[in-house]
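K.L.:
Show me how the following folds:
(one chain, ligands or ions: 1)
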Amino acid sequence: MSPPLLEARGLSLRYGAVPALDDVALSIWPGEVVAIVGESGSGKTTLLRVLSGLLRPEAGTVLYRAPAGATHAVHDMGEAALRRLQRTDWGFVHQNPRDGLRLGISAGGNIGERLMATGARHYGTIRGAATEWLKRVEIDPARIDGLPRTFSGGMQQRLQIARTLVTHPRLVFMDEPTGGLDVSVQARLLDLIRALVADLGLSVLLVTHDIAAARLLAHRMLVMRQGRVVEEGLTDRVLDDPQHEYTQLLVASVLAA
Ligand SMILES: Nc1ncnc2c1ncn2[C@@H]1O[C@H](COP(=O)(O)OP(=O)(O)OP(=O)(O)O)[C@@H](O)[C@H]1O
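P.N.:
Below you'll find the model as predicted:
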């Protein structure tokens, strides 16, 4: 079996007396979608921020295997090298599209800016790619010069996804990508994410408290509670035959809803 793309061991982090992460381990392989689920405050966002180098853990390591095969300890990389990784190989989809978009520049500019950060220079090529990606995320290309603030919440989220994926990252961190949207908009967005992930062969670390989203998108899932991973396994196995008492409660609460 090929080595993991990202491998974390022994991650711990406290906020005062609160153990946000307590000895967490996780691996993700190329082309895999892994969901991190759990109730509010269980440490999901903290884990994503530590894995993506935005937060430094008190203990533990995160290793990332670059395309050429070299392995990097994410928290030992210099600031510039980490930023380059975040701009090229990695992508981040935030729950609130305003955290991932530049609201003062056009939709096309939002997509083009990320392409330019990876070296694209030719105006026609950049505009062509932006048009293509707007279509791909089901936004009318006639809106290319519109500002994101004139878009609906669902459109803003689709634009954020286009901006993130235009550079073909290998690993995408998604933090509640459908949170805060209407149920019908969520369903459409989940279908779109599923299709793009399959088309591009992306690896995705998906934080969600939405079990249905995890069921639809993820090959594997980890269940977190109070900073610890209490259960992990193939998504269907975990949801159809939960072993840990907490996972059983989580699944039962969804079935009852
Ligand atoms: N900056 C911070 N300062 C102090 N405590 C924090 C901070 N960030 C998170 N925490 C605490 O760490 C724990 C884990 O928080 P985290 O945001 O990772 O959980 P979560 O599972 O992502 O929750 P949610 O689903 O509500 O976003 C919680 O008890 C939270 O209150």
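K.L.:
In contact with residue 202, which residues?
P.N.:
31, 33, 165, 169-172, 196 (CB atoms under 8 Å, 6 or more residues apart in numbering). In this view, the C-beta of every residue, glycine as well, is placed from N, C-alpha and C.
K.L.:
Return the distance of it relative to the ligand.
P.N.:
Using CB to the nearest ligand atom, to the nearest Å, one gets 22 Å for the distance from residue 202 to the ligand.
K.L.:
gap between that residue and residue 252?
P.N.:
Note on residue 202: its distance to residue 252, by CB to CB, to the nearest Å, is 32 Å.
K.L.:
Torsion angles phi and psi at residue 138?
P.N.:
The phi/psi pair for residue 138 (degrees, to the nearest 10) reads phi 60, psi 40.
K.L.:
Over to the one 4 residues further on?
P.N.:
When read as degrees, to the nearest 10, the backbone of residue 142 gives phi -60, psi -20.
K.L.:
which residues of the stretch 151-257 of the chain fall in helices?
P.N.:
Secondary structure of the stretch 151-257 of the chain (DSSP state H, counting those that start in this stretch): helices at 153-165, 183-200, 211-217, 235-240, 245-256.
K.L.:
mind giving me CSV with those helices and columns for distance to residue 23, mean neighbour count and mean pLDDT?
P.N.:
What follows is the helices of the stretch 151-257 of the chain, written out as CSV (distance: least, CB to CB, whole Å; neighbours: other CB atoms under 10 Å; pLDDT from 0 to 100):
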stretch, distance to residue 23, mean neighbour count, mean pLDDT
helix 153-165, 30, 23, 95
helix 183-200, 29, 16, 91
helix 211-217, 23, 20, 92
helix 235-240, 20, 18, 96
helix 245-256, 17, 14, 85
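K.L.:
Please spell out the PyMOL selection for the buried subset of the contacts of residue 202.
P.N.:
For the buried members of those, the matching PyMOL selection, counting by 16 or more other CB atoms under 10 Å, is:
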select buried, resi 31+33+165+169+170+171+172+196
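K.L.:
gap between residue 99 and residue 131?
P.N.:
Per CB to CB, residue 99 is found 25 Å from residue 131.
K.L.:
out of these two, which sits in the more crowded spot?
P.N.:
Just comparing residue 99 and residue 131: by other CB atoms under 10 Å the higher neighbour count belongs to residue 131, 15 against 11.
K.L.:
residues in contact with the closest residue to the more buried one other than its chain neighbours?
P.N.:
Nearest residue to residue 131, sequence neighbours excluded (CB to CB, 6 or more residues apart in numbering): residue 141, at 4.7 Å. By CB under 8 Å, 6+ apart, residue 141 lies in contact with 131, 134-135.
K.L.:
Go through the residues you listed and name the one nearest residue 40.
P.N.:
Proximity of the contacts of residue 141 to residue 40 (CB to CB) peaks at residue 134, which lies at 33.8 Å.
K.L.:
pLDDT score for the residue nearest to residue 131?
P.N.:
On pLDDT, residue 141 comes in at 97.
K.L.:
can you start the count at 51 instead of 1 from here on
P.N.:
All right, first residue 51 from here; so that's residue 191.
K.L.:
OK, contacts around the residue sitting furthest away from the middle of the chain?
P.N.:
Among residues of the chain, the one most distant from the C-alpha centroid is residue 174; the distance is 29.7 Å, by CA atoms, centre = their mean. Residues near residue 174 by CB under 8 Å, 6+ apart: none.
K.L.:
got the angle between the helix or strand that it is a member of and helix 233-250?
P.N.:
Taking DSSP states H and E as the criterion, residue 174 maps to helix 173-186. Going by axes from the mean of the first three to the mean of the last three CA atoms, to 10 degrees, helix 173-186 is angled at 130 degrees with respect to helix 233-250.
K.L.:
and helix 173-186 with helix 203-215, angle?
P.N.:
Interaxial angle of helix 173-186 relative to helix 203-215 (the same axes, to 10 degrees): 130 degrees.
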